[in-house]
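Novice: Got a sequence here, can you model it:
(one chain, ligands or ions: 2)
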Amino acid sequence: MSDISPLSEDDLAFLASYLPPSAQRVTKTQESDGTTSTIKEGEIPFVTLTYASSLDSMIALAPGARTTLSGPETKSMTHYLRLHHDAILVGAGTAVVDDPGLNCRYPGATLQTQPQPVIVDPRCRFEVSSSAKVCQLAADGKGKAPWIVCVEDNGKPENDLARNISIKTDMAALQSSSDSQQISMQWLDILRALKAEGMNSVMIEGGATIINALLLLPNVVDAVIVTIAPTWLGRGGVNVSPAAQSRGGESTNAAWLRQTSWRQFGNDVVLCGRLGDRDTTT
Ligand SMILES: NC(=O)C1=CN([C@@H]2O[C@H](COP(=O)(O)OP(=O)(O)OC[C@H]3O[C@@H](n4cnc5c(N)ncnc54)[C@H](OP(=O)(O)O)[C@@H]3O)[C@@H](O)[C@H]2O)C=CC1
Ligand SMILES: Nc1nc(O)c(N)c(N[C@@H]2O[C@H](COP(=O)(O)O)[C@@H](O)[C@H]2O)n1
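Specialist: Ligands and ions are numbered 1, 2, ... in the order given. Sure, this is the predicted structure:
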């Protein structure tokens, strides 16, 4: 029997206004790192940022520990959200630690309506093999084969198990500017590439590195949907806590949610909202 149950009509009504619209997005401007670049209408997909957190804002017990926070009702909600997105995206850290399935098991999901799994993995850390859960599900016709977002000319050779989505990155500049081996891709480049592949909506599930980065991009993220589980995971966990911002030389909040709505799903609470300035209307 499936562990995913249909949501109630009231649950569906609660989520409705945060789902990707069929209409295209309006023109937006990104001003995250001091630079301003206009995002043209329809240039990037609708972006939903969603994850499950403890009361101390942890998403896992420890780095490397797959941790269940969502109860049955919020797990069903996550699968309902997956049904409504063209793609599900996670980072290399999550893919390596969780070995996620990244498919949709909501009642009525078919192979055609399965979301496209996407793994941002510039250093090819995730081992694409027939034993990876996402690949197993694809082989069983229960999901799609993953796309690996990698740096141009740096991806692993493609095979039937996965496809590369290559992003142009100035490797020379990166190598001279950083002594670490990290390779940073621009989110707009990643999202533009996914849009060019026909993805009109992307559900970004984590992990912490990706969530912390995207919480600082209010003009890229369209909706935020957080499951809050009634537990404290404790110190040493994997923390969602984006960098505080600075305005006029003073430290200020990292991010705000506006247009917020809350609803209880089983023992968990689901918080929906949109990134932006502090909401003064409520
Ligand atoms: N409770 C929940 O809802 C969820 C919990 N989790 C948990 O989160 C943890 C993983 O989090 P974390 O370790 O932060 O890993 P992430 O999944 O956030 O992956 C981070 C890695 O992805 C790559 N990456 C991310 N952004 C970029 C970018 N802009 N350009 C290039 N590469 C990028 C980098 O790979 P590289 O290091 O190779 O350069 C980076 O280190 C796990 O414990 C997992 O269980 C995950 C999802 C949801
Ligand atoms: N919504 C949610 N609740 C939790 O308790 C979680 N641990 C996660 N993790 C995310 O879900 C992915 C695993 O899902 P499947 O294997 O596809 O069922 C995992 O990779 C995280 O992104 N999410």
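Novice: Tell me the pLDDT of the closest residue to residue 83 other than its chain neighbours.
Specialist: Leaving aside its chain neighbours, residue 83 sits nearest to residue 106 (4.6 Å; criterion: C-beta to C-beta, 6 or more residues apart in numbering). Every C-beta, even on glycine, is put in place using the N, C-alpha and C of the backbone. pLDDT recorded at residue 106 is 97.
Novice: Residue 106 against residue 4, yeah?
Specialist: Yes - with contact defined as C-beta atoms under 8 Å, residue 106 reaches residue 4; the gap is 5.6 Å.
Novice: what's the overlap in contacts for those two?
Specialist: 76, 79 (C-beta atoms under 8 Å, 6 or more residues apart in numbering).
Novice: State the number of residues packed around the residue nearest to residue 83.
Specialist: 21 (other C-beta atoms under 10 Å).
Novice: Next up, phi/psi of it, please.
Specialist: The phi and psi torsions at residue 106 (degrees, to the nearest 10) take the values phi -70, psi 140.
Novice: mind listing what it touches?
Specialist: 4, 6, 76, 79, 80, 82, 83.
Novice: Now tabulate the residues you listed in CSV and tack on secondary structure.
Specialist: Listed next are the contacts of residue 106 as CSV, based on DSSP: H, G, I helix; E, B strand; the rest coil:
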residue, secondary structure
4, coil
6, coil
76, helix
79, helix
80, helix
82, helix
83, helix
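Novice: Now do the helices in this protein.
Specialist: 9-16, 72-83, 92-98, 133-139, 171-177, 187-196, 208-214 (DSSP state H).
Novice: CA atoms only: put the second one into CSV for me.
Specialist: Extracted in CSV, the C-alpha atoms of helix 72-83 (Å, rounded to 0.1, in the frame of the first residue of the first chain):
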residue,chain,number,x,y,z
PRO,A,72,2.6,11.1,6.8
GLU,A,73,0.4,14.1,6.1
THR,A,74,3.2,16.5,5.2
LYS,A,75,5.0,13.8,3.2
SER,A,76,1.8,13.4,1.2
MET,A,77,1.8,17.2,0.7
THR,A,78,5.4,17.1,-0.6
HIS,A,79,4.3,14.5,-3.1
TYR,A,80,1.3,16.6,-4.1
LEU,A,81,3.7,19.5,-4.7
ARG,A,82,6.0,17.3,-6.8
LEU,A,83,3.0,16.4,-9.0
